[in-house]
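A.B. asks: any chance you could fold what I've pasted below:
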Amino acid sequence: MAFNTRAQCAMCRAVLESGDDQSAAEGINDGIMFLMAVPYILVAVIGFYVYRTFGRSKKTRNIDNSL
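C.D. replies: Below you'll find the model as predicted:
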């Protein structure tokens with residue numbers, strides 16, 4: 001069973017379809033972009049931290065082995 005759906009909830013859609021206030025539509029779009037970007041930023045920060053942590057310990061082992 002397939003349903004045709006839209007990206008917005010019923011309330012968001014009603015506000016955006018009224019067309020009276022474009023700042024509300026811009027606010028909704030900004031909120032969607034913010035909510036979409038946050039998980040990617042968190043994963044990138046955690047990945048960078050893990051990379052730095054394991055990369056640094058690997059470099060330390062290489063220096064200790066060369067002495």
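A.B. asks: flag the shaky bits of the protein, pLDDT-wise.
C.D. replies: Residue ranges of the chain with pLDDT under 70: 1-16, 19, 21, 57-67.
A.B. asks: ok, 80 please
C.D. replies: 1-26, 28, 56-67 (pLDDT under 80).
A.B. asks: quick one, what contacts Gly31?
C.D. replies: By CB atoms under 8 Å, 6 or more residues apart in numbering, the contact set of Gly31 is empty. C-beta: built from backbone N, CA, C; applies to glycine.
A.B. asks: now it: how far from Pro39?
C.D. replies: 14 Å (CB to CB, to the nearest Å).
A.B. asks: please apply the same query to Arg52.
C.D. replies: Noted for Arg52: a distance of 21 Å to Pro39, by CB to CB.
A.B. asks: and what of Phe54?
C.D. replies: Distance, Phe54 to Pro39, by CB to CB: 22 Å.
A.B. asks: likewise Asp30?
C.D. replies: Counting by CB to CB, the gap from Asp30 to Pro39 is 17 Å.
A.B. asks: and if you look at Arg56?
C.D. replies: On the measure of CB to CB, Arg56 and Pro39 end up 26 Å apart.
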